[in-house]
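>>> sharing a sequence plus its predicted fold:
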Amino acid sequence: MSLNRRQFLAAGLGAAGTLATGVGLGAHVLPVLAREDLIPGQAPDMTLAPAAWTTTADHVSFVALGDNGSGGRQAMAVAEQMARTYRNRPYGNVVLLGDICYYGKFDDRYQDVFVRPMSPLLDADVTFDLAIGNHDDALRHSETGYEEIEAEVTLLDTPGRYYSQTYGPADVFLLDSSIPGLFGPDSEQLEWLDDTLASATSQWRIVAMHHPPYSSGRHGSTPRAEEVLVPILQRHKVDLVLAGHDHHYERTVPLDGITYVVSGGGCKTTKVGRSDFTEVAKRILEFLHVEIDGDRLTGTCIQPQGQIADRFELRAREGR
Amino acid sequence: MSRRTLLRVAIATYAFVDWLVIMAPSLAVKLAADRGGLGDSKGLDLIFASLAIAIPHAVVAGRRLRNAERSAVWRADIWIAAIDALVVLALSTTLLVLVVLGVFAEEHAALANRGYPIVALWMGLQLVAVVLAEATGRFVFWWLEPHRAVKLLHPSRYRPPTARHEARQASSGT
């Protein structure tokens, strides 16, 4: 059978289109659509008792949430479960592990990605502390990127780009891992961390940042973190490191006494494998509830329907 | 297998692929929600919305092929046009959703608390994709078989392109 010129052209376009569609849609577009949580979600409609938590010198509860900035259905489902969890196990702080705004500027999307999903907790006077992430600096260290971070810092009333907070018996150090050179030589932030950890007196030391030192996910372990950041954490006997960036939940075995958790399932999920350091790894939407009671820290990874994906317990270091 | 049966199977397969292409985005979203640990009912509204578009369009696409089979001079023209339509459907049904929801996220978020507009938006985008695909399929078929337009617009100048075609038209009464 011979084709005329029109048939040849139309058939050629069809064949090329089929190839492009097969490869492009299957490998790229559909996975992006599935991953990105683009379908806008309904905000949780709950009223919570204000300030229902108890924080004392040896007891505190807080939640860590990473990569929740879509304003989509999955983000809303996680936020709703956070509110339900508050009802049963009230907490006074949320540590945001970065990437709190996707698909636009935080100034414009503040209501969609933060106020609407978190309104029950905001109304209950829960405070939010932010560790800045790379999507919060979406244009990679450009002027616009810095403006974006400034907007977040201002709107969330964050003390600075990196800072520490005391939650009952725990000192929490929040880093900005999007700063160029955080893991390079002469990092002011690392010097600050080294000094501040050295003078910390609390029983528990927790570091929160966006980029994970150890991860078996899509982005993987952050380059150079193991060489320049981890020795500082080891030297000062940090207990727990919380991070996001990869959209899964992962907990390492204790590495020189430090447990590293990736809790980046605030609104999307990506593949996760297992590494030598992995204790638990799951591709799920989740947040981490942390409760400290004296010399015992309990971490509970909670999914949107309330399922418990992981529970772990740490004991305070000797001498603290 | 007779030629007629083979044709029926080919048309049914095409209609099924057409249906699957329209369903794919909602299935992808639903699978992601399930994998993430959301409840069973999350994402079903989009699946039902896509079903409401996919089922009628699979029927329309099947009929388009059957009608084309009756009037086409060259059978290849039918399937070339059908593949082109399917490619446009696959690209537009997925990319439209991705671009419109991703780029205009703020606007859609404002609708979200009212629930149904999101489903309406989803159906609207899929409807646009279906219209684009139908237009592509019909245009390409018309472009490949220009004598059909001549018959329609200038009946006096129409000459059947082949004797086989003339005989088929006479037997089918068209």
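Alright, I've got the coordinates.

>>> now the residue of chain B most remote from its centre: how far from B:Pro146?
Distance from the C-alpha centroid of chain B, by Cα atoms, centre = their mean, peaks at B:Ser156 (33.7 Å). When Cβ to Cβ, to the nearest Å is applied, the distance between B:Ser156 and B:Pro146 equals 16 Å. (Each C-beta comes from the backbone N, C-alpha and C, glycine too.)

>>> cool, and A:Ile179?
With Cβ to Cβ as the criterion, A:Ile179 and B:Pro146 are 64 Å apart.

>>> neighbour count winner among those two?
A count of neighbours by other Cβ atoms under 10 Å in any protein chain shown puts A:Ile179 above the other of A:Ile179 and B:Pro146, at 18 against 11.

>>> specify the local secondary structure of the more buried one.
At A:Ile179 the chain is in coil, as set by DSSP: H, G, I helix; E, B strand; the rest coil.

>>> might one say that it is in contact with A:Arg161?
Yes - here A:Ile179 reaches A:Arg161: they are 6.9 Å apart, a contact under Cβ atoms under 8 Å.

>>> how would you label A:Glu250: helix, strand or coil?
Under three-state DSSP, A:Glu250 falls in the strand class.

>>> burial check on it, number of neighbours?
By the measure other Cβ under 10 Å, the count of residues near A:Glu250 is 30.

>>> what do you get for the one 4 residues further on?
Taking other Cβ under 10 Å as the neighbour definition, A:Pro254 ends up with a count of 15.

>>> so what does it have for phi and psi?
The phi/psi pair for A:Pro254 (degrees, to the nearest 10) reads phi -60, psi 130.

>>> over to A:Gly133?
Torsion angles at A:Gly133 (phi, psi; degrees, to the nearest 10) stand at phi -110, psi 180.

>>> circling back to that earlier point, ok, the residue farthest from the centre of chain B to B:Leu89 distance?
In this view, B:Ser156 and B:Leu89 are 37 Å apart by Cβ to Cβ.

>>> pLDDT weak spots in chain A?
A:1, A:136-145, A:180-181, A:184 (pLDDT under 70).

>>> what mean pLDDT does stretch B:80-94 get?
Stretch B:80-94 shows a mean pLDDT of 93.

>>> all strands for the chain, in order.
In the absence of a named chain, this looks at chain A. Applying DSSP state E to chain A gives strands spanning A:59-65, A:93-96, A:127-130, A:163-167, A:170-174, A:204-208, A:240-243, A:249-252, A:259-263, A:278-282, A:287-293, A:296-302, A:308-315.

>>> actually, chain B is the one I wanted.
With strands called from DSSP E, chain B shows none.

>>> tell me the buried residues in the longest helix along it?
Longest helix of chain B, by residue count under DSSP state H: helix B:3-36. Neighbour-count burial for helix B:3-36, counted by 16 or more other Cβ atoms under 10 Å in any protein chain shown, picks out B:7, B:11, B:14-15, B:17-19, B:21-30, B:32-33, B:36.

>>> please apply the same query to stretch A:209-223.
Quick answer for stretch A:209-223 (16+ other Cβ under 10 Å): A:Met209, A:His210, A:His211, A:Pro212, A:Pro213, A:Tyr214, A:Ser215, A:Ser216, A:Gly217, A:Arg218, A:Ser221, A:Thr222.

>>> list the contacts of the fourth one.
Pointing back at A:Pro212 there. A:219, A:221-222, A:225, A:241, A:243-246, A:250, A:260, A:262, A:264 (Cβ atoms under 8 Å, 6 or more residues apart in numbering or on different chains).

>>> got those residues as a markdown table, with distance to A:Leu130 columns?
Converted to a markdown table, those look like this (distance: Cβ to Cβ, whole Å):
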| residue | distance to A:Leu130 |
| --- | --- |
| A:His219 | 20 |
| A:Ser221 | 23 |
| A:Thr222 | 18 |
| A:Ala225 | 20 |
| A:Val241 | 16 |
| A:Ala243 | 13 |
| A:Gly244 | 11 |
| A:His245 | 14 |
| A:Asp246 | 18 |
| A:Glu250 | 21 |
| A:Tyr260 | 20 |
| A:Val262 | 17 |
| A:Gly264 | 15 |
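
>>> B:Ala12 versus B:Thr5, what's the distance?
From B:Thr5 across to B:Ala12, the span is 10 Å (Cβ to Cβ).

>>> one more: A:Arg116?
Separation of A:Arg116 from B:Ala12 (Cβ to Cβ): 46 Å.

>>> can you check B:Leu127 too?
According to Cβ to Cβ, B:Leu127 stands 23 Å off from B:Ala12.

>>> again, but for A:Ala64
Separation of A:Ala64 from B:Ala12 (Cβ to Cβ) stands at 52 Å.

>>> what about the helices in chain B?
For chain B, applying DSSP H gives helices covering B:3-36, B:44-71, B:75-103, B:105-112, B:116-144, B:147-153, B:163-172.

>>> could you look over these and pick the most buried one?
The highest mean neighbour count among those, using mean count of other Cβ atoms under 10 Å in any protein chain shown, belongs to helix B:75-103: a mean of 21.

>>> and the closest residue to A:Gly265 other than its chain neighbours, how far is that from A:Leu156?
Leaving aside its sequence neighbours, A:Gly265 sits nearest to A:Glu286 (Cβ to Cβ, 6 or more residues apart in numbering or on different chains; 4.2 Å). Applying Cβ to Cβ, the value for A:Glu286 to A:Leu156 is 22 Å.

>>> between the two, who's got more neighbours?
Counted by other Cβ under 10 Å, A:Glu286 and A:Leu156 do not tie: A:Glu286 has more neighbours, with 31 against 16.

>>> tell me if I'm right that the more buried one and A:Lys268 touch.
No - A:Glu286 is not in contact with A:Lys268 according to Cβ under 8 Å; the separation is 11.4 Å.

>>> tell me where the stretch 1-150 of chain A has helices.
A:5-24, A:30-35, A:73-88, A:106-110, A:116-123, A:143-155 (DSSP state H, counting those that start in this stretch).

>>> shaky segments in chain B?
Chain B contains residues with pLDDT under 70 at B:40-41, B:109-115, B:148-155, B:157-174.

>>> ok, 90 please
Applying pLDDT under 90 to chain B flags the ranges B:1-4, B:6-7, B:31-32, B:35-44, B:67-78, B:95, B:97-121, B:142-174.

>>> would you mark the buried spots in stretch A:227-247?
Residues of stretch A:227-247 classed as buried under the neighbour-count rule (16+ other Cβ under 10 Å) are A:229-230, A:232-233, A:236-247.

>>> ends of it, what's the gap?
24 Å (Cα to Cα, to the nearest Å).

>>> what distance separates it from the centre of its chain?
Averaged C-alpha coordinates place stretch A:227-247 at 14 Å from its chain's average position (Cα atoms, centre = their mean, to the nearest Å).

>>> before we move on, what about stretch A:75-88?
Mean-position distance between stretch A:75-88 and its chain equals 16 Å (Cα atoms, centre = their mean).
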